[in-house]
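S.K.: what shape does this take:
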Amino acid sequence: MEDFSELVGLSRPTVSKYFNDPTSVRKKTRDTIEIALKKSGFRPNIFAVNLNRRRSNILGVIIPNSTDPFYMALTRRIELIANEAGFLAFVLSSDGKAEMEDRAIKTLKSMNVAGAIIAPLGVESHHRTLEELGQSVPLIYVDSPLNETSSFVGTNNRQSFGLIVDYLCRSGAPPCYLGMPHVNTNALTRQIAYVEAMEQFRMTAEIVAVADLKTWDFERFGFEEATRILQSKSGFPTRTVLCANDRIAFGVIAAAYQQGLRVGHGADCDLRVAGHDDHPLSKYACPPLTTVAQNYNEIGRLAIELLFHKLDEMPSGTATSQADERILLTAEIMLRSSA
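M.R.: This is a model prediction of the structure:
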């Protein structure tokens, strides 16, 4: 920056002012700087600039799986809104591993991020590391909350499971429940939501026993567990299987196909399968998957708006505490031919 300021013949504060906001300098000055930029090819080191600021324009985002279409759509929405507001969203993946999540948190802290949106691993998260980051910048959690008091934007699991259980009970055999690995708090909250919904409709909850694995490979988990169950003498407790999420349901449908069973809603079908989330590939499953939809676009929008709100309330360079701010969205049932 010093060398470029000398090249352009302006003071460093003036050049810095231009890079922070080009419209903040006179047009003649702006034209002079932009001509010099074209000639020299100079670009400021955005990370070095942000380290020198009391509050940077970088927002951190941590997700468990960068290849999952749900998280891809969520982060895309966050990035677009951040860019429109003059922020850079820096996305890191924990790849479902606690040590990588811990490294990502420390990376965001070293980058002097203004705030962060995090989809935590939950039971495997390094709570202390997250709490330390939350003492200096605002944090918003998505997908699953870190704890009962953390700021969170996500789906109301009680409402969504009440919706799908009601439909399944009214349209056929009451559903048994195939849970997900305990990799975040959704594993427990969704199971509880299923049990509460069944009790509300005066039905007996049937929770299928599954292997105690910590894996984010949900499709494989669903496939292997369903194959084991279907090959056993007893099979599933009922002809309707409600899965904790759509990716597990994909595995169940594949397992049923390999066992020669027909999945669908009708007298000629052997098994009904339903999921949760409305994963972007749900409508292209065979058969298309009945599920309840999480509005990931709205989750992304509300999460970053809540983060901006907390940034506006926080004076530059001061610490903040996590308030009990929770936004729970209602889900919409998506009726397709799997159930």
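S.K.: alpha carbons only for contacts and neighbour counts from here, please
M.R.: Noted.
S.K.: distance-wise, check residue 163 relative to residue 293.
M.R.: According to Cα to Cα, to the nearest Å, residue 163 and residue 293 sit 11 Å apart.
S.K.: now the longest helix anywhere in the chain, how far from the centre of its chain.
M.R.: Ordering each helix of the chain by length in residues (DSSP state H) puts helix 296-313 first. Helix 296-313 has its C-alpha centroid displaced from the chain centroid by 13 Å (Cα atoms, centre = their mean, to the nearest Å).
S.K.: show me what it is packed up against.
M.R.: If contacts are counted by 3 or more Cα pairs under 8 Å, 6 or more residues apart in numbering; DSSP states H and E, helix 296-313 sits against helix 69-84, strand 115-118, strand 139-142, strand 152-155.
S.K.: adding mean pLDDT and mean neighbour count, write the ones you listed out as a markdown table.
M.R.: Compiled in a markdown table, the helices and strands packed on helix 296-313 are given as follows (pLDDT from 0 to 100; neighbours: other Cα atoms under 10 Å):
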| stretch | mean pLDDT | mean neighbour count |
| --- | --- | --- |
| helix 69-84 | 91 | 18 |
| strand 115-118 | 94 | 27 |
| strand 139-142 | 94 | 26 |
| strand 152-155 | 93 | 25 |
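S.K.: turn the ones you listed into JSON lines, columns for distance to residue 305.
M.R.: Shown next, in JSON lines, are the helices and strands packed on helix 296-313 (distance: least, Cα to Cα, whole Å):
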{"stretch": "helix 69-84", "distance to residue 305": "9"}
{"stretch": "strand 115-118", "distance to residue 305": "11"}
{"stretch": "strand 139-142", "distance to residue 305": "10"}
{"stretch": "strand 152-155", "distance to residue 305": "10"}
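S.K.: among the ones you listed, which is nearest residue 326?
M.R.: strand 152-155 (4.8 Å; Cα to Cα).
S.K.: quick one: buried residues of the helix or strand that that closest one is followed by?
M.R.: Counting by DSSP states H and E, the next helix or strand C-terminal to strand 152-155 is helix 157-171. Residues of helix 157-171 classed as buried by neighbour count (16 or more other Cα atoms under 10 Å): 157-168.
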